[in-house]
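3D, please:
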Amino acid sequence: MQPQNHKTRVRRILDQLSQFRCCGPSDDPDEQTSVVESYKYLVIHLKTLSRGLIPSELFEQVEAIPDDLEHIYAVYNAKARLDAILPDIEAALDDPTSPLGEPAPQYCFVSRTLIDNLSGVESSTFDTTKLIGYCMEINSSFYHGNVVASLLLMRTVLNHVPPIFGHSTFDQVAANASRSLRDNFSSLQSGLRKLADLYAHQPIRSREKYPTKNQVEPFRAQFELLLQEVMNHLK
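Model (predicted):
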């Protein structure tokens, strides 16, 4: 199914949720049952269809809305929580995206301005086409909550850029950087790379948890600093 069809269905559900009318706790039990089941149906479908269409932080709030509703008071609770974020969901659906599904600027991991600036750098020695593509894929993966993909793509960038600095490995880049840059680059080398390696090579265990975006966030500033230094070396 095409993303636009998903959006259309989600918008329809949002309209139904915003116009949903509850009954009172003293109303006929059959009417209460109908209200409970109808609201449960809408919440479950919203969760199913909105995955990947809205920012992962917002989707986590949608996921947290209970859908195991058994009585009218549970509907009141779920409705109060969902009504509070309905405008945010609608706004997220309205955010313009590129044909490649690029997230809106406020949801990017790598600054859109930084990527645009990198695209404008002309170099007779190095072609940044792949680097720019990696950054756009990082933004898309981060937006959709694909944490492992984000980490692996960031590790790919660490492997990709050393020749721009005159080295063959990022470990050499970090070791030969100025003092202020060395600490930041070393954090990418020892922190980001090892975290990406962990998820790339760790065998399955009896109990697993998928990593959260909080594990990627701490590397945002250092990763953008690296890209700025890449531009400085290309000019």
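
centre-most residue in this protein?
Nearest to the geometric centre of the chain sits Tyr143, at 2.4 Å (C-alpha atoms, centre = their mean).

what are the phi and psi values for it?
Main-chain dihedrals, Tyr143, degrees, to the nearest 10: phi -60, psi -40.

list the contacts for it?
Pro55, Ser56, Pro103, Tyr107, Cys108, Phe109 (C-beta atoms under 8 Å, 6 or more residues apart in numbering). The C-beta positions use only the backbone N, C-alpha and C, and glycine is treated the same way.

quick check: which ranges of the chain have low pLDDT?
Low-confidence segments of the chain (pLDDT under 70): 1-4, 95-106.

how about the helices in it?
3-18, 29-50, 56-63, 72-94, 112-119, 129-143, 147-160, 170-175, 179-187, 193-201, 220-234 (DSSP state H).

domain map for this structure?
Using automatic domain parsing, the domain parsing of the chain gives 3-94, 105-234.

I'd like to know how many residues surround the nearest residue to His160 once chain neighbours are set aside.
Closest residue to His160 apart from its sequence neighbours, by C-beta to C-beta, 6 or more residues apart in numbering: Leu131 at 6.1 Å. Leu131 has 21 neighbours, counted by other C-beta atoms under 10 Å.

Leu131 and Gly120, how far apart?
13 Å (C-beta to C-beta, to the nearest Å).

which ones are touching the most far-flung residue of the chain relative to its centre?
Distance from the C-alpha centroid of the chain peaks at Asp28, with 44.0 Å (C-alpha atoms, centre = their mean). Not one residue lies near Asp28 by C-beta under 8 Å, 6+ apart.

great, nothing more from me.
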